[in-house]
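Chemist: Please find the sequence and the predicted model below.
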2 protein chains.
Amino acid sequence: MSGPTALLATFAEWQTADFDISNCPARDVLDRVGDKWSSLVLLTLAASSQRFSGLNRAVPDISKRMLTQTLRNLERDGFITRHVFPTKPPSVEYRLAPLGHSVVEPLVLLVGCAQANHAAIREARDRFDADAQNS
Amino acid sequence: MSGPTALLATFAEWQTADFDISNCPARDVLDRVGDKWSSLVLLTLAASSQRFSGLNRAVPDISKRMLTQTLRNLERDGFITRHVFPTKPPSVEYRLAPLGHSVVEPLVLLVGCAQANHAAIREARDRFDADAQNS
DNA sequence: CGGTATCCCGAGGGATACTG
DNA sequence: CAGTATCCCTCGGGATACCG
């Protein structure tokens, strides 16, 4: 009953009359999933809790600036929690919150789908680009 | 076997050595899901095939420019197909391709998750912002 | 009807340097 | 170690006008 059919009905609701897109529930999650680093960080933390520098190593090519910003956003939305240990030098551990776990589940499926269809997508893309050339 | 555990192992692979992020399978899908309109268009087409103007009405506030661009990208990646009928005036129908269906499934789950946790996320956000105020 | 072409702005995000 | 601060530049995407 919370299957595709029910959701598509709900989705149809978003198109009725004057729906406020800025308050669209999907955007809250999609905006996080969509930005360049959030999903990578989320999946990394799903594997195991990590410290700032650990994440920095685990997610290749992310800058400290973007890692901080990504972590703040995820923390703000309640997806992860931040734990400071008063050691010297200080260490901070990030963990997936319950809310984070619930979004990681479908995210894992999505990435799994990406894996499975990677080759097909690349082929489709090459075919499309080749056809575009002959015009 | 294609569950979370297996995927997390695969994910760990992305972090070994010199992984080429520009060829990351996840990006192909995540980039489409992430942009402002693709997921909305995909979900609309999952409900039923539609013509250009139909989509323009179904997805509120999207401009013709962005709708065209979104459709082209989705077509390029093989998520949707484009069918031109030589009527007068011309009519074009867009349909979800098999590849599109496979990505819509996890997408539906993700949006369902967004729906379910919408309130919780908003609360977490308000709490975070309130705490930030007292500093 | 189903698009293109052009202009333009603000946000996302990289590079680098500094700090408690 | 775990961040901030600053600079700067690309590019997503809105507005508008035109076209077959």
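Modeler: Sure thing, it's come through.

Chemist: Contact partners for residue A:99?
Modeler: Each residue near residue A:99 by Cβ atoms under 8 Å, 6 or more residues apart in numbering or on different chains is listed here: A:77, A:78, A:79, B:117, B:120, B:121, B:124. For every residue, glycine as well, the C-beta is placed using N, CA and C.

Chemist: How about residue A:100?
Modeler: By Cβ under 8 Å, 6+ apart, the contact list for residue A:100 reads A:42, A:45, A:46, A:74, A:78, A:79, A:80.

Chemist: Try it again at 10 Å.
Modeler: A:32, A:41-42, A:45-46, A:74-75, A:77-81, A:94, A:107 (Cβ atoms under 10 Å, 6 or more residues apart in numbering or on different chains).

Chemist: Which strand or helix spans it?
Modeler: Element membership for residue A:100, per DSSP states H and E: helix A:98-133.

Chemist: quick one on the thing from earlier: save the contacts of residue A:99 as JSON lines, and put in distance to DNA strand C and neighbour count too.
Modeler: Shown next, in JSON lines, are these (distance: Cβ to the nearest atom of the strand, whole Å; neighbours: other Cβ atoms under 10 Å in any protein chain shown):
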{"residue": "A:77", "distance to DNA strand C": "14", "neighbour count": "24"}
{"residue": "A:78", "distance to DNA strand C": "19", "neighbour count": "20"}
{"residue": "A:79", "distance to DNA strand C": "16", "neighbour count": "27"}
{"residue": "B:117", "distance to DNA strand C": "21", "neighbour count": "22"}
{"residue": "B:120", "distance to DNA strand C": "22", "neighbour count": "16"}
{"residue": "B:121", "distance to DNA strand C": "17", "neighbour count": "20"}
{"residue": "B:124", "distance to DNA strand C": "19", "neighbour count": "18"}
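
Chemist: Put together JSON lines for those, with pLDDT and distance to residue A:111 on each row.
Modeler: Output for these, formatted as JSON lines (pLDDT from 0 to 100; distance: Cβ to Cβ, whole Å):
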{"residue": "A:77", "pLDDT": "96", "distance to residue A:111": "20"}
{"residue": "A:78", "pLDDT": "97", "distance to residue A:111": "22"}
{"residue": "A:79", "pLDDT": "97", "distance to residue A:111": "16"}
{"residue": "B:117", "pLDDT": "94", "distance to residue A:111": "19"}
{"residue": "B:120", "pLDDT": "96", "distance to residue A:111": "23"}
{"residue": "B:121", "pLDDT": "95", "distance to residue A:111": "21"}
{"residue": "B:124", "pLDDT": "96", "distance to residue A:111": "24"}
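
Chemist: Out of those residues, the closest to DNA strand D would be?
Modeler: The closest of the contacts of residue A:99 to DNA strand D turns out to be residue A:79 (Cβ to the nearest atom of the strand; 15.3 Å).

Chemist: Following element in sequence after the lowest-mean-pLDDT helix or strand in chain A, please.
Modeler: Least confident helix or strand, chain A: helix A:4-13 with a mean of 67, by mean pLDDT, DSSP states H and E. Per DSSP H and E, helix A:4-13 leads on to helix A:25-34 as the next helix or strand towards the C-terminus.

Chemist: can you tell me if the helix or strand following that next one touches DNA strand D.
Modeler: Remark: after helix A:25-34, the chain's next helix or strand is helix A:38-47, criterion DSSP H and E. No: contact of helix A:38-47 with DNA strand D is not found when judged by Cβ under 7 Å from any atom of the strand; the minimum separation is 12.1 Å.

Chemist: what's the offset of helix A:38-47 from the middle of its chain?
Modeler: Offset of helix A:38-47 from its chain centre (Cα atoms, centre = their mean, to the nearest Å): 8 Å.

Chemist: Contacts only, for the residue in chain A that DNA strand C sits nearest to.
Modeler: Nearest to DNA strand C in chain A, going by Cβ to the nearest atom of the strand, is residue A:36, at a distance of 3.4 Å. The contact partners of residue A:36, taken as Cβ under 10 Å, 6+ apart, are A:61, A:62, A:66, A:70, B:27, B:30, B:31, B:34.
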